[in-house]
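Asks: I would like to see how this sequence folds:
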Amino acid sequence: MKIIGHEKEKEIFGRVLKENRLHHAYILSGREGTGKKLFAKALAKAVLCENGAFLTDCKCRQCVLADSGAHPDIHIIEESPLKIDKAREISADAFMTPLTARKKAYVIDSADTFGQEAANALLKTLEEPPADTYFFLITSRYPQVLHTIRSRCISIGFGLLSDDEVCEVVSSNSDKTDDEIKAAVAISSGSAGYALYMLENMEKQPTFGKTLNPVELFFEIESLDDKEKVRAYCASLYGYLLEKYKRTGNETLLDFSNYLLDILKRLEYNVSLDIFRLDLYIKTIEVLSEKS
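Replies: Next comes the predicted model:
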């Protein structure tokens, strides 16, 4: 498993694993699309490895199972928001004996979306887990993670990828031309995930007007009558925001681009497009009326 960038984090966890000082629960925080979840999966694999390998090739039974994506003792939780029933299931399962390895690991995405009830169901397990169980929570919005969760985990902040690192990730995952990749990397703001999304939607993007007229914007968003049109519009708006952020350094624009990624994720589920479009309109007006 190749992790591009994040040399500081590699050094920290490499030393902790080698010295057998791994804490039972971590929050990996940082910008969306920078590889935090991939890093967490590598940590989960290292926890279970029979030879203590971390980010190096290993063919032990546990690593082969982990590489297949079907290790019964590595649990990847991507439910967002985490529901209370799932949180209770995690807590109950954590105290069960591992099935094939000596340890087990949980990678839980979107830690900032935990509701109070779901968080409460996890708290005791995070505070006093079994000796053979490890938790790696992922978030792109650390301040929104409940304090009760933060207080029971060690937080590790992940920085942005360099343009060269983003380019390396994107080039190995896309068949677009060099010029298209360079254009996406230029507005990625250190996020390989965003650069890949922009490449996938490049041909569908409408042009986002640089002057904001609330009435025109309303009818523009109202005309997005299917999910593909919403995706294309948000991709265009996202690119506009990141270009403007790179010029101005305005963190509000960066936060809004994170919001756009969140609502794009929501499109994968059954959502009311009427409510969705209204939410998008209100948020866009709120941010861009002062920032455009």
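Asks: where do the helices sit along the stretch 1-150 of the chain?
Replies: Listed in chain order, the helices of the stretch 1-150 of the chain (DSSP state H, counting those that start in this stretch) span 7-18, 36-48, 61-68, 84-94, 116-127, 147-150.
Asks: for Asp164, find the nearest of the ones you listed.
Replies: Asp164 lies closest, by Cβ to Cβ, to one member of the helices of the stretch 1-150 of the chain: helix 7-18, at 13.0 Å. Using the backbone N, CA and C atoms, a C-beta is placed for each residue, glycine as well.
Asks: alpha carbons of the closest one, in PDB - could you do that?
Replies: As requested, the backbone C-alpha atoms of helix 7-18 are provided in PDB (Å, rounded to 0.1, in the frame of the first residue of the first chain):
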ATOM      1  CA  GLU A   7       6.200  12.100   5.700                       C
ATOM      2  CA  LYS A   8       5.800  13.500   9.200                       C
ATOM      3  CA  GLU A   9       2.900  11.300   9.900                       C
ATOM      4  CA  LYS A  10       4.700   8.200   8.500                       C
ATOM      5  CA  GLU A  11       7.600   9.000  10.900                       C
ATOM      6  CA  ILE A  12       5.300   9.400  13.900                       C
ATOM      7  CA  PHE A  13       3.400   6.200  13.500                       C
ATOM      8  CA  GLY A  14       6.400   4.200  12.300                       C
ATOM      9  CA  ARG A  15       8.200   5.100  15.500                       C
ATOM     10  CA  VAL A  16       5.100   4.400  17.700                       C
ATOM     11  CA  LEU A  17       4.400   1.100  16.100                       C
ATOM     12  CA  LYS A  18       8.100   0.000  16.300                       C
END
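Asks: report the angle between that helix and helix 36-48.
Replies: On the basis of axes from the mean of the first three to the mean of the last three Cα atoms, to 10 degrees, helix 7-18 is oriented at 20 degrees to helix 36-48.
Asks: ok, residues contacting helix 7-18?
Replies: 3, 22-23, 39, 43, 46-47, 52, 54-55, 156, 158-159 (Cβ atoms under 8 Å, 6 or more residues apart in numbering).
Asks: tell me which two in those are the farthest apart.
Replies: Farthest pair in these, by Cβ to Cβ: Gly52 and Gly159, 26.5 Å.
Asks: how near is the closest residue to His75 other than its chain neighbours to Glu251?
Replies: Distances taken as Cβ to Cβ, 6 or more residues apart in numbering put Tyr106 closest to His75, at 4.7 Å, once the chain neighbours are dropped. Computed as Cβ to Cβ, to the nearest Å, the Tyr106 to Glu251 distance reads 31 Å.
Asks: check Asn258 too.
Replies: Asn258 is 10 Å from Glu251, where distance means Cβ to Cβ.
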